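Trainee: model the following, please.
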Amino acid sequence: MRVLIVEDEEGLVSALRIALQREGYAVDASLTYRGARERLSVNEYDVALIDVTLPDGDGFELARAVRDAHADCRSGPDMRIVMLTALGTLPDRVRGLDAGADDYIVKPFALAELTARLRAVLRREVRGASSSMRVGDITMDTARQIVHRGRREVDLTLKEFAVLRFLMSRPDHVVSAEQILEHVWDEHADPFTQTVRVTVGTLRRKLTVDDEEQVLHTAIGRGYRLRAAGGADSPAARSS
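Mentor: Below you'll find the predicted structure:
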């Protein structure tokens, strides 16, 4: 999943970037309102962490502009928004939620709480109230970053985990390499790189060993599809 941090405290941005990257997120950051608007217009994000007090604008107004589709936002008006602010009074929290925020976290906060809230906010889009995701016999604990296929634990790198999480959030859907690059890598990724193909290839080999059925398929010319074991495969899909 790809996160945009909109925060003018560089020390906090650095700490958040490190913590979120350890959780497998791709992270971009902007120190200003204007910079955030520019990044939102170019990149697609799953969630934005927005500080209320920015040097050149108001975080509440940024959230409202996204929700009301007044901002040029590639992710659309339904992008998840979490406010990060020292303004913790009840009127401030109400204003933030009314502006369109999905959650509101008051500084100072524990990084463990922030990452747990992020997981909860992102689950509202595609899953129920659990930190566990399942596609067929593949299960993922997003909180503990553990993946099993049946009873076998699958040892994944952070990028492999992030790619699998993205695919599991869209089961049986063809996802292009461009979409994966957009959501799993940050803005510094080379769009012409083969890193998506390589990462999907190593992920596929780890998901299917010995005589297990292939679950991660290549849809020729279109992208990749994660299907539950035992599901019918389309003629356009093949394993590679």
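Trainee: every contact and neighbour count from this point should use C-alpha atoms.
Mentor: OK.
Trainee: for S30, give its distance to H188.
Mentor: S30 is 14 Å from H188, where distance means CA to CA, to the nearest Å.
Trainee: okay, now A177: neighbour count?
Mentor: Using other CA atoms under 10 Å, A177 is surrounded by 18 other residues.
Trainee: not counting sequence-adjacent ones, nearest residue to it?
Mentor: Leaving out its chain neighbours, the residue that sits closest to A177 by CA to CA, 6 or more residues apart in numbering is G223, at 5.7 Å.
Trainee: dump the residue contacts of the one you found.
Mentor: G223 makes contact with 174-177, according to CA atoms under 8 Å, 6 or more residues apart in numbering.
Trainee: same thing but at 10 Å, please
Mentor: Residues counted as contacts of G223 (CA atoms under 10 Å, 6 or more residues apart in numbering) are 173-180, 197, 217, 237.
Trainee: switch those residues over to JSON lines; also include secondary structure, distance to C73 and pLDDT.
Mentor: Shown next, in JSON lines, are these (DSSP: H, G, I helix; E, B strand; the rest coil; distance: CA to CA, whole Å; pLDDT from 0 to 100):
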{"residue": "H173", "secondary structure": "coil", "distance to C73": "24", "pLDDT": "92"}
{"residue": "V174", "secondary structure": "coil", "distance to C73": "23", "pLDDT": "93"}
{"residue": "V175", "secondary structure": "strand", "distance to C73": "21", "pLDDT": "92"}
{"residue": "S176", "secondary structure": "coil", "distance to C73": "20", "pLDDT": "92"}
{"residue": "A177", "secondary structure": "helix", "distance to C73": "21", "pLDDT": "90"}
{"residue": "E178", "secondary structure": "helix", "distance to C73": "18", "pLDDT": "88"}
{"residue": "Q179", "secondary structure": "helix", "distance to C73": "16", "pLDDT": "88"}
{"residue": "I180", "secondary structure": "helix", "distance to C73": "18", "pLDDT": "90"}
{"residue": "R197", "secondary structure": "helix", "distance to C73": "27", "pLDDT": "90"}
{"residue": "H217", "secondary structure": "strand", "distance to C73": "31", "pLDDT": "94"}
{"residue": "A237", "secondary structure": "strand", "distance to C73": "32", "pLDDT": "38"}
